[in-house]
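A.B. asks: Any chance you could fold what I've pasted below:
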Amino acid sequence: MSKNIANNKIQGCPEYSFKVTYSHDLSEEGGIMVKCEFDGEEEFDYQKGLAVLLIEEKIILNNNWWMKEWDKEFREMFSINLDCSDVFAWGCADAETFNFDELEDVFNHYEKDNDWGTQIWCIKKRNMLPQEPVFDIIQKEGIWDLTTMNLDNNPFW
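C.D. replies: Predicted coordinates:
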């Protein structure tokens, strides 16, 4: 469903013409619109992008328990990480941190490939090949070509 709102006046803000497209069903074509159009320019909606990745279980919420040198207050703060368990080694709970300014790129990877996009982002960030069975699956899918990314060898295989 698409809804157009023209010249909507928000108190204290200039008038904008914007278009919002949304769906309540993630399996529907279009899903949740995380890019909104304001005056003809598309802007990424960080909250909705993060929400989609959470709903799709691509993100692990944690705290920073492993940062022993940090004060307790900071160790207990939320930590938002991408799930990359079993990508680099079997039986390995693994996650990759990312910064706020990287969220749109992470989401773009997810949007290109709902199955492997966020893991590909982690692979690129670490500049490391995934373990062999994962490599084979990703190559077979044909969306990404890991052989062209100049990735370092994985020490686990």
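A.B. asks: Which residue ranges make up the domains of this protein?
C.D. replies: 2-44, 57-148 (automatic domain parsing).
A.B. asks: could you give me the average pLDDT of the last one?
C.D. replies: Right, the one you point to is domain 57-148. For domain 57-148, mean pLDDT is 94.
A.B. asks: Quick check: end-to-end length of it?
C.D. replies: Length of domain 57-148, first residue to last, Cα to Cα, to the nearest Å: 28 Å.
A.B. asks: Relative to the whole chain's centre, how far out is that domain?
C.D. replies: Chain-centre distance of domain 57-148: 9 Å, with Cα atoms, centre = their mean, to the nearest Å.
A.B. asks: Do a quick rundown of the helices in the chain.
C.D. replies: 46-55, 72-75, 103-112, 117-126, 132-141 (DSSP state H).
A.B. asks: and the angle for the fourth one with helix 103-112?
C.D. replies: In other words, helix 117-126. 130 degrees (axes from the mean of the first three to the mean of the last three Cα atoms, to 10 degrees).
A.B. asks: how about helix 117-126 as PDB, C-alpha atoms only?
C.D. replies: Output of helix 117-126 as PDB, limited to C-alpha atoms (Å, rounded to 0.1, in the frame of the first residue of the first chain):
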ATOM      1  CA  GLY A 117      23.500 -10.000   2.700                       C
ATOM      2  CA  THR A 118      24.400  -9.200   6.300                       C
ATOM      3  CA  GLN A 119      26.900 -12.000   6.500                       C
ATOM      4  CA  ILE A 120      28.500 -10.700   3.300                       C
ATOM      5  CA  TRP A 121      28.800  -7.300   5.000                       C
ATOM      6  CA  CYS A 122      30.600  -9.000   7.900                       C
ATOM      7  CA  ILE A 123      32.800 -10.900   5.400                       C
ATOM      8  CA  LYS A 124      33.800  -7.700   3.800                       C
ATOM      9  CA  LYS A 125      34.400  -5.900   7.100                       C
ATOM     10  CA  ARG A 126      36.700  -8.600   8.300                       C
END
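A.B. asks: Could you dump the helices of the chain into TSV and include mean neighbour count and distance to residue 40?
C.D. replies: C-beta coordinates here come from the backbone N, C-alpha and C atoms, glycine included. TSV is the format used below for the helices of the chain (neighbours: other Cβ atoms under 10 Å; distance: least, Cβ to Cβ, whole Å):
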stretch	mean neighbour count	distance to residue 40
helix 46-55	16	20
helix 72-75	10	42
helix 103-112	18	19
helix 117-126	21	27
helix 132-141	14	35
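A.B. asks: Understood, closing this out.
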